[in-house]
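Trainee: what's the 3D shape of this:
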Amino acid sequence: MFKALLAGAAALSIASVAEAATYAIQVGRLIVDAAQPARGNSTVIVENGRIARIENGFSAPPSAIVVDERSRTVMPGMTDVHVHLTMNSGEPWYAGFTEKYSNPYAATVGLTHALDMARAGFTTVRDLGGPTSAVIAVRDAVSEDRFPGPRIKVSGEALSIIGGHGDAATGLPPELAEAVNKSELNPTVCTGAQQCQEAVRRLAAAGVDVIKFHATGGVLDPGAMGLEQHFTNDEMKAIVDMAHAMHLKAAAHAHGAQGILAATNAGVDSIEHGTYLDQAGATAMKAHGTYFSATLMAFSGVQRLLGTGKLAPASETKAKQVMSIWGRGLNIAYKAGVKIALGTDSAVAPHSEANKEVELMVTKGGMSPRDALIAATKGGPDLMNLSAETGTLEPGKSADLIAVDGDPLSDPTAVQRVYYVMVEGKPIPMKGQ
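Mentor: Below is the predicted model:
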């Protein structure tokens, strides 16, 4: 035990030294702000975890650690507003009921995937659904420099109706479903405004950063209730109002058009997935200032599961339906001027592939490469009230940056070639380095 404590203290000491160090990151192409033209040869000076200044040409203060990225593009780190760190890609829906899936085990999985996300170029992520105690532990362990990873915000378990997406008893035999409902496995399944607001208060008391609720059914749950509206309009408004009263944002998982519209009118801060978004929903989102997170990589993950036997029959049917309109919702939202933030739903597809979302936002979603990059770097921080901290490489902000091969302002695949990552002034250990 004493040795373990010493090892932990040593790791924290090393992390503190790394944060306190001065770095001179020499850059061939520098994207300070994805909405602005790139700069040429530059040096980013990082002191005490923050961007101190940006100098023209290549320079280095005395005793600075020089990082040579003169052949690459350095840009703000990306933000993914929809991930599931404690889940593994490609596992069958019932995997969570096997004996190894305790909350402590889930936390170890989450720490592994947090590092995967950082190595993929994400310096901030928002976990939108996992065991509350596990995801909070992952968030705090990374924040305390015990493990490398991105800045993490979490929702804990998402609110669900009985039998809906997020009800752990959905799809189980009656005897097992009864046992689950009598246990503590369904703390956020609620009915009626009062019960749902109580669930929000419990999550807020646990220390989450955002409230998520399932406004509609989901593709990968084994239930056959479909992808349309689940919570009533009054229940949604009660959830959102209580989240805001607790000074938390609210995110709505929503596939069906009516559910999207209802959640938007309830005042939700972001729509997640938005698969069947129509013009009425897009118009309402634009009017309310609601963010859209299309999670196009999730379709890639679903595509890999089709025909494997890992999906329940109802899920297989729903998956085939949504695959036929891959990217349509984002096309509609983008053309309507809805605010866009990058989200991937990583865990449906591997966390290490999350950076492919930018390419899909262009090829499937119809966005320009620049606008996709703006969504990837600035959209999430704006949605999460983190714009003063991250999203651009301005003096005074957190040193959250990545180095990639190519020009991501014109080539959306460039962010898939990540060679260097710094989160809050701390370099992330990359594979093979």
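
Trainee: Is residue 118 located within a helix, as I assumed?
Mentor: Yes: with DSSP: H, G, I helix; E, B strand; the rest coil as the criterion, residue 118 is part of a helix.

Trainee: now residue 366: how far from residue 408?
Mentor: Distance, residue 366 to residue 408, using Cβ to Cβ, to the nearest Å: 18 Å. Where you see a C-beta, it was placed from the backbone N, CA and C, and this is true even at glycine.

Trainee: Sorry, slip of the keys, the one I care about is residue 358.
Mentor: Residue 358 sits 7 Å away from residue 408, going by Cβ to Cβ.

Trainee: Does the closest residue to residue 91 other than its chain neighbours fall in a helix, a strand, or a coil region?
Mentor: Using Cβ to Cβ, 6 or more residues apart in numbering and skipping the chain neighbours, the partner closest in space to residue 91 is residue 310 (7.3 Å). Under three-state DSSP, the three-state class of residue 310 is coil.

Trainee: So residue 310 sits against residue 90, correct?
Mentor: Yes: using Cβ atoms under 8 Å, residue 310 makes contact with residue 90 at a distance of 7.2 Å.

Trainee: Pick out whichever of the two has more residues nearby.
Mentor: Neighbour totals were compared for residue 310 and residue 90, and residue 310 leads with 17 against 14 (other Cβ atoms under 10 Å).

Trainee: which residues of the stretch 151-300 of the chain fall in strands?
Mentor: Under the criterion DSSP state E, counting those that start in this stretch, the stretch 151-300 of the chain contains strands at 151-154, 210-214, 249-254, 270-273, 291-293.

Trainee: The ones you listed: which one's closest to residue 391?
Mentor: Closest to residue 391 of those is strand 151-154 (Cβ to Cβ; 11.4 Å).

Trainee: So which elements touch the closest one?
Mentor: With contacts taken as 3 or more Cβ pairs under 8 Å, 6 or more residues apart in numbering; DSSP states H and E, strand 151-154 sits against strand 122-127, helix 132-143.

Trainee: now the ones you listed in JSON lines, with mean neighbour count, distance to residue 316 and mean pLDDT?
Mentor: Formatted as JSON lines, the helices and strands packed on strand 151-154 follow (neighbours: other Cβ atoms under 10 Å; distance: least, Cβ to Cβ, whole Å; pLDDT from 0 to 100):
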{"stretch": "strand 122-127", "mean neighbour count": "30", "distance to residue 316": "27", "mean pLDDT": "99"}
{"stretch": "helix 132-143", "mean neighbour count": "21", "distance to residue 316": "28", "mean pLDDT": "98"}
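
Trainee: Mind putting the ones you listed into a markdown table with distance to residue 159?
Mentor: Output for those, formatted as a markdown table (distance: least, Cβ to Cβ, whole Å):
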| stretch | distance to residue 159 |
| --- | --- |
| strand 122-127 | 15 |
| helix 132-143 | 12 |
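
Trainee: Minimum distance to residue 306: which of the ones you listed has it?
Mentor: Across these, residue 306 has its closest neighbour in strand 122-127 (25.9 Å, Cβ to Cβ).

Trainee: Partner strands of the closest one, with direction?
Mentor: Paired strands of strand 122-127, with direction, are strand 78-83 (parallel), strand 151-154 (parallel) (DSSP bridges).

Trainee: For the residue nearest to residue 246 when sequence neighbours are not counted, grab the count of nearby residues.
Mentor: Nearest non-adjacent residue to residue 246, counting by Cβ to Cβ, 6+ apart: residue 204, 4.0 Å away. The burial count assigned to residue 204 is 18, neighbours taken as other Cβ under 10 Å.

Trainee: Verify the contact between residue 204 and residue 250 for me.
Mentor: No: the pair residue 204 / residue 250 is not scored as a contact, 11.4 Å apart, by Cβ under 8 Å.

Trainee: got any residues that touch both of those two?
Mentor: Common neighbours of residue 204 and residue 250, using Cβ atoms under 8 Å, 6 or more residues apart in numbering, are 211, 243.

Trainee: How much space separates the residue of the chain positioned farthest from its centre from residue 24?
Mentor: Distance from the C-alpha centroid of the chain, by Cα atoms, centre = their mean, peaks at residue 62 (38.1 Å). Separation of residue 62 from residue 24 (Cβ to Cβ): 10 Å.

Trainee: so where's the stretch 301-433 of the chain shaky on pLDDT?
Mentor: Applying pLDDT under 70 to the stretch 301-433 of the chain flags residues 433.

Trainee: all helices of it, in order?
Mentor: Applying DSSP state H, counting those that start in this stretch to the stretch 301-433 of the chain gives helices spanning 313-323, 328-335, 357-363, 369-374, 380-383.

Trainee: in its sheet, what does the biggest strand by length in the chain sit against?
Mentor: Determined from DSSP state E, the single longest strand within the chain is strand 65-76. Its sheet considered, strand 65-76 pairs with strand 22-30 (parallel), strand 401-404 (antiparallel) by DSSP bridges.
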